[in-house]
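Asker: Sequence first, then the predicted structure, then my questions.
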Number of protein chains: 2
Amino acid sequence: MLIDLSEACEFIRNCNDAVILTHQSPDGDCIGSGLALQDILKSLGKRSRVICCDEFPKRYDFMTKCADNDTNFTPQNIIAVDIADAQLMGSLKEIYADKVQLCIDHHISNVNYAQKTLLNPQASATCEVIYEIAAALGVTITDFCAMCIYTGMATDTGCFKYENTSARCHEITAELMKNHKLKYALINRNMFDVKSIGRIRMEKAVMEIMEYYLDNRLTIICITSDILKSMNVDGNDLEGCASLPLQVEGVEVGVTIKEKSTGVYKVSMRSANEVNVSDICKLLGGGGHIKAAGCLIEGSLEFVKKTIIDAVRKGMDGE
Amino acid sequence: MLIDLSEACEFIRNCNDAVILTHQSPDGDCIGSGLALQDILKSLGKRSRVICCDEFPKRYDFMTKCADNDTNFTPQNIIAVDIADAQLMGSLKEIYADKVQLCIDHHISNVNYAQKTLLNPQASATCEVIYEIAAALGVTITDFCAMCIYTGMATDTGCFKYENTSARCHEITAELMKNHKLKYALINRNMFDVKSIGRIRMEKAVMEIMEYYLDNRLTIICITSDILKSMNVDGNDLEGCASLPLQVEGVEVGVTIKEKSTGVYKVSMRSANEVNVSDICKLLGGGGHIKAAGCLIEGSLEFVKKTIIDAVRKGMDGE
């Protein structure tokens, strides 16, 4: 059931001993949302822990290492942040899929799986929604909370670069900068600029294996286990490589195919301009945003590629 | 003489038939400032033209091709935007160096060469100062003007990424987004993401020729005419390559050396964190911002490199 901000605030005021769920392959927005919400709950005298089926990547240590995860309670409330579909809980799905009482999200593709869902698809990031909750609750935002909210908004918008950047998100950022010592340049440098030597090697290799289709409007990068092994890089170095192909002039859709396990491929699709990749991925059993979406496809690599090329061609033609 | 906002507004209210000067190697901020100011002057019924010693790069066509440059008047007023030093006028220096009546700038290194200077070193970009002028004058900002101001602020802050990003700049952006149809995602894509095939080739090559010094805290890239020729890229593809080395984990200062003419090298210096490259470049006869500065050095390439390494070592040691 979709609820409004005041109902969500009421739920939060009445909750306690909460588990805050984040999605698999956690990113800056779900981690930031989870930890910011935890900080807000703490201000209200409530205990919580933020959990995920995957380990939090090391680059988010500046948030996760400062979190105040309480493990000494039996959960009374289950809250999901930034999770559009219970499938995205990964291995935690079995425990929590049908137990989420409150979901806070900004994905228009949210399937409304929770008992109550506060959904704001106009928000740049779930962190923007979390800010509105803190403001509506009248909770004083701590420096740590400000940092988490900023990080979520910055990472989900590509540092205020993409279409999903809202005026409100700039407004909130101005507020956070005025009221807190926010190390935004350092955060952004670590989120967007710094690359490990492995990552740089990987990017070079990726540009070399990029394949062009549909009059160079579609590019596909296949990162198989063999390629990964030959590069000697770890999985974290691959985060964000889905947007690499969009750097090339004229490319409308960039697709990255990663081998998840034998015969199972994770597909990330990015749109440079007008093509709606959320629609395309939905047809392939996935979902996401208009300009950034994904899906899982099973089969041979050749089958996966052909499926993608056909789907993107249709999407481009507006079929 | 340094003046305040109201004095600058008075000057603008009383001026007419103005030449608006932008700096050599024009970037998004000086072009945006010049054209936004022209648009404001037009709203006040005044004629102006925006000029530069260099051609405006093609990537700024979306602004420059829509400008309303009036060439049918004898200049009565000379205004400089985003020009910290008359040296930066390039070949126009001889005509205008001592004729600038009003300089509008945000560079703390501004040498106060104009008759009147409105300087706001807290501003992210000169475009931020131009917005304050429009607001103080009570001029209604057009969609075109909003686009120019946004572009200047976005390009000078690396899309709100760097230290110089002010809370005010986020606030202004929110205002511009609320009141105008601003194609920010398209602007940002063209400013920050899209790379020509030549540029991509160049980046790959640059990463390969990068030299490491001072325990890998300093990197130097030398782009000589020979390298440029062998890459078959044009000069525009090189814009922004000064920040490439800072992508590498652990690098504190990234230096790009470009051969301007035989025995003359243009040095761009970028700081990742604490090192003040404005101070370092000042010692070498240049200047700029704390995290992004430059200078010209004459001599052999080996001499230029040694000079830079020594200066950066001293700067890092806080000498």
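Answerer: Nice, I can see it. Numbers count the residues shown, from 1 in each chain, chains lettered A, B, ... in the order given.
Asker: Report the separation between the residue of chain A positioned farthest from its centre and residue A:6.
Answerer: In chain A, the greatest distance from the average C-alpha position (CA atoms, centre = their mean) is reached by residue A:215, at 30.5 Å. Computed as CB to CB, to the nearest Å, the residue A:215 to residue A:6 distance reads 51 Å. No exception for glycine: its C-beta is placed from N, CA and C like everyone else's.
Asker: Over to residue A:94?
Answerer: Applying CB to CB to residue A:94 and residue A:6 gives a distance of 33 Å.
Asker: Check residue A:132 too.
Answerer: Taking CB to CB, one finds residue A:132 at 11 Å from residue A:6.
Asker: between the two, who's got more neighbours?
Answerer: Neighbour count, other CB atoms under 10 Å in any protein chain shown: between residue A:132 and residue A:6, residue A:132 has more, with 19 against 10.
Asker: shouldn't the more buried one be in contact with residue A:8?
Answerer: No: counting by CB atoms under 8 Å, residue A:132 stays clear of residue A:8, with 9.1 Å between them.
Asker: what pLDDT does residue A:154 get?
Answerer: pLDDT recorded at residue A:154 is 98.
Asker: ignore the last one, residue A:231
Answerer: 69.
Asker: Repeat that for residue A:248.
Answerer: 84.
Asker: Over to the one 10 residues further on?
Answerer: Among the per-residue scores, residue A:258 shows a pLDDT of 90.
Asker: quick one: the closest residue to chain B within the stretch 201-319 of chain A from residue A:219, how far?
Answerer: Nearest residue of the stretch 201-319 of chain A to chain B (CB to the nearest CB) works out as residue A:247 at 4.8 Å. Look at residue A:247 and residue A:219: by CB to CB, they are 10 Å apart.
Asker: Neighbour count for these two, which is higher?
Answerer: residue A:219 (24 against 21).
Asker: Okay, and the beta partners of the more buried one?
Answerer: Counting by DSSP bridges, residue A:219 forms beta bridges with residue A:212, residue A:254.
Asker: How about residue A:21?
Answerer: Bridge pairing for residue A:21 - DSSP bridges - gives residue A:51, residue A:80.
Asker: and it, how many neighbours?
Answerer: 28.
Asker: do the one 5 residues further on as well
Answerer: Burial of residue A:26, expressed as a neighbour count using other CB under 10 Å, amounts to 22.
Asker: swap in the one 3 residues further on?
Answerer: For residue A:29, the number of neighbouring residues by other CB under 10 Å comes to 28.
Asker: so what does the host helix or strand of it touch, helix or strand wise?
Answerer: Following DSSP states H and E, one finds residue A:29 within helix A:28-43. Contacts defined by 3 or more CB pairs under 8 Å, 6 or more residues apart in numbering or on different chains; DSSP states H and E place helix A:28-43 against strand A:18-21, strand A:48-51, helix A:61-64, strand A:77-81, helix A:126-137, helix A:143-156.
Asker: any chance of these in TSV, plus distance to residue B:49?
Answerer: Putting these into TSV (distance: least, CB to CB, whole Å) gives the following:
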stretch	distance to residue B:49
strand A:18-21	58
strand A:48-51	58
helix A:61-64	49
strand A:77-81	53
helix A:126-137	42
helix A:143-156	39
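Asker: the strands in chain A, which residues?
Answerer: For chain A, the strands defined by DSSP state E cover A:18-21, A:48-51, A:77-81, A:102-105, A:116-119, A:211-213, A:218-223, A:253-261, A:264-271, A:287-288, A:292-298.
Asker: residues near the residue lying closest to residue A:252 once chain neighbours are set aside, how many?
Answerer: Among residues not flanking residue A:252 along the chain, residue A:217 sits closest, at 4.3 Å (CB to CB, 6 or more residues apart in numbering or on different chains). Residues near residue A:217, counting by other CB under 10 Å, number 16.
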